[in-house]
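# got a structure for you, letters missing:
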């Protein structure tokens, strides 16, 4: 036989969670209704912030363009301007939605939160900061040809996290900004001109002074050589099978111009030395044996005489 008191207790326990949930839902709806004006105001602030970012960015871009600021520095300043305006707009929006959130509490919360966010997104922030510092660098410009850790390509774009490099063979390489910031970068097009060199070997039996004169004449008359700067031809070394000369001259700094100038010089030097009868030797190798060699002539085929 069941006790009536126990039945009443079970009924109360089954009804109480529903009542609590209903009360919580009603409280939540009241808070949403109460916050509706604040939410609308916050939405208006965000829309106004977006419009303000577009207007200020356009004005700053015009000012920087007229001042002939470098494209990389211009992009960095525009990115910083947009970030600052959005940060202010988001902070104002937060104080509107949460009226009890004072600037002091907000700054304190940002300080604690920034530690956790920084640890969680360390690589992202590292690449972002590296990208910003790369944009500020004077030698590093969009459009430069660079070499870094065996990678040779042209800088096509620099984003918040990555740098887009276009290889001369057409492939696009996306590199984290921190990679370029931490490693040595050789900027090939920092100047309009670049000195290149070619090594030439002349056989020991040839007239080295005549070869020197011919090579100098060829380099002096190269169409791709920049005549505003000098050139040099020096006898560099006694090689294994030749006297080695090195020719150096200045040409345009881009890799295609360098390759074309070097090709022109090699073809012209080869033709000039051939016309003068001066040999550019193959590598020679002399073999020395401890004992004299004996040739068995009986095994050498003899030429048959004509009948």
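Sure thing, it's come through. All figures in this text were calculated on a predicted structure; none of them were measured in a lab. Residues are numbered from 1 along each chain as shown.
# could you pull out the helices for the stretch 151-300 of the chain?
Remark: helices of the stretch 151-300 of the chain, listed N- to C-terminal, are 177-182, 208-220, 255-275; assignment by DSSP state H, counting those that start in this stretch.
# count the neighbours of the residue lying closest to residue 197 once chain neighbours are set aside for me.
Nearest in space to residue 197, with sequence neighbours left out and distances taken as Cβ to Cβ, 6 or more residues apart in numbering, is residue 248 at 4.4 Å. C-beta here means a position set from N, CA and C on the backbone, and glycine is covered the same way. When neighbours are counted by other Cβ atoms under 10 Å, residue 248 registers 14.
# what of the one 4 residues further on?
By the measure other Cβ under 10 Å, the count of residues near residue 252 is 16.
# do the same with the one 4 residues further on
Counted with other Cβ under 10 Å, the burial measure for residue 256 works out to 10 neighbours.
# just residue 175 next, same as before
Residues near residue 175, counting by other Cβ under 10 Å, number 19.
# so who does residue 202 touch?
Contacts here follow Cβ atoms under 8 Å, 6 or more residues apart in numbering; on that basis residue 202 touches 208, 211, 242-245, 273, 278-281.
# can you list the domain ranges for this structure.
Domain segmentation of the chain under automatic domain parsing yields 23-120, 140-187, 193-275.
# measure the shortest one end to end?
In this case it means domain 140-187. Domain 140-187 has its terminal residues 7 Å apart, counting by Cα to Cα, to the nearest Å.
# name the nearest residue to residue 71, sequence neighbours excluded.
The shortest distance from residue 71 to any residue other than its chain neighbours is 5.3 Å, reached at residue 142 (Cβ to Cβ, 6+ apart).
# cool, residue 249 as well?
Nearest one to residue 249, counting by Cβ to Cβ, 6+ apart, is residue 231 at 3.9 Å.
# distance of the one you found relative to residue 63?
Applying Cβ to Cβ, to the nearest Å, the value for residue 231 to residue 63 is 45 Å.
# these two: which is more packed in?
When neighbours are counted by other Cβ under 10 Å, residue 231 and residue 63 differ, and residue 231 comes out ahead with 16 against 12.
# contacts only, for the more buried one.
In this structure, residue 231 makes contact with 216, 219-220, 225, 247-250, judged by Cβ under 8 Å, 6+ apart.
# would you map the strands across the stretch 1-150 of the chain?
145-148 (DSSP state E, counting those that start in this stretch).
# point out where the stretch 101-250 of the chain drops to low pLDDT.
Within the stretch 101-250 of the chain, the segments meeting pLDDT under 70 span 101-123, 137-139.
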